[in-house]
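> Pasting the sequence and the predicted model now:
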Amino acid sequence: MHNTEFDKTVLDQFGKVFFPAIANRLISGYNVYHEAQKLTAEYAINYLHSDLGTDGKGKPKPHREELVDKLKKFGPACITEKIIDTIVQRMATYKRGDWENDPEGVRYFTLDRQELKIDDAKDYPGPIVVEGLQYDLGIALETASEVRCVIDVLNKYVYAQIVDKDGRVHKEQENPDAIANAWRVPLITITRPSNEDFAGFLVVSKISVFRPHYEGSTLTTHPVPLEEYLHSQKEEPRISRKLANKVFTGY
């Protein structure tokens, strides 16, 4: 497990860049990584969740423990080793929704980045932005068939409702195979070497801005307005193409 620190001053700097984009509905949220690591395999799957860490005694939290156990059954031991080695911390900031309860330990902000106490957030009449520590599980893979196998595992276990191979979530059907703390709106991304498609996923743009040792990034299906906004703020965004699961892109 990689231990990383998030400087509050740096988080505020990213907030000044991205909060106006949230307020103007250009994005719904963003991530900040400290010393972001890149997977070097041909393909990579990234799965993001708040319950992929460990408790105070170093024991994996239930979601992480159950998911790694399911993935162990997928294939070679080296895959599992890469999974465990590439669970990294990130600071997730997103516009609060009504899809589930907030994870523990988050902070609440107004759209002008004024922090709210939790009791004030409960009754606040306007939009709220939530910020808290989450995790990014990276899975390094070598072939497209391996990617499809891992997608099948994730589809079966990490959604709170049934999801089919085309990425459609059946909201009226609870998932009987869901592992602990499965989300209704999980985020799964695929990095691939070509324009190859995978069922249930859509093309998105990952747009990143940087500070020394930190990367702030967001995913969008409409990159041009965000790029124009970032340029107006004297930022030099870096753009790459990924795939994201349909339930997330459609939220």
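Sure, I can see it.
> Any stretches of the stretch 101-250 of the chain with poor pLDDT?
When residues are selected by pLDDT under 70, none of them lie in the stretch 101-250 of the chain.
> For it, which segments count as helices?
118-123, 144-157, 223-232, 246-249 (DSSP state H, counting those that start in this stretch).
> Dump those helices to TSV, plus distance to Ser217 and mean neighbour count.
Just so you know, the C-beta spots here come from the backbone N, C-alpha and C atoms, and that holds for glycine as well. Listed next are the helices of the stretch 101-250 of the chain as TSV, based on distance: least, CB to CB, whole Å; neighbours: other CB atoms under 10 Å:
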stretch	distance to Ser217	mean neighbour count
helix 118-123	25	11
helix 144-157	21	17
helix 223-232	11	15
helix 246-249	14	19
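> Select, out of those helices, the one closest to Leu48.
When the helices of the stretch 101-250 of the chain are compared by CB to CB, helix 246-249 sits nearest Leu48, at 9.4 Å.
> and that closest one, what other elements does it pack with?
The helices and strands touching helix 246-249, judged by 3 or more CB pairs under 8 Å, 6 or more residues apart in numbering; DSSP states H and E, are strand 201-211.
> starting at the chain centroid, how far to the strand it packs on?
Here the centre of strand 201-211 is set off from its chain's centre by 11 Å, with CA atoms, centre = their mean, to the nearest Å.
> Skipping its backbone neighbours, what lies nearest Ile22 in space?
Taking CB to CB, 6 or more residues apart in numbering as the measure, Ile22 lies nearest to Lys95, with 5.5 Å between them; neighbours along the chain are not counted.
> which stretches of the protein form strands?
For the chain, the strands identified by DSSP state E occupy 29-34, 43-49, 87-95, 107-109, 115-116, 129-141, 161-163, 169-174, 187-191, 201-211, 214-220, 238-245, in order along the chain.
> does Phe109 have beta-bridge partners, and which?
With DSSP bridges applied, Phe109 shows beta-bridge pairing to Glu115, Val129.
> Please read the previous query as pertaining to Thr191.
According to DSSP bridges, the partner residues bridging Thr191 are Ala44.
> if I pick Leu154, what's in contact with it?
By CB atoms under 8 Å, 6 or more residues apart in numbering, Leu154 lies in contact with Ile45, Tyr47, Pro186, Ile188.
> Correction: the previous question concerned Val150.
With contacts defined as CB under 8 Å, 6+ apart, the neighbours of Val150 are Ile45, Leu71, Phe74, Ile139, Leu141.
> State the number of residues packed around Asp55.
Here the number of neighbours of Asp55 (other CB atoms under 10 Å) works out to 9.
> Wait, it touches Lys61, no?
Yes. At 6.2 Å, Asp55 and Lys61 qualify as touching, with contact defined as CB atoms under 8 Å.
> Please name the residues that touch His213.
With contacts defined as CB under 8 Å, 6+ apart, His213 is in contact with His34, Glu35.
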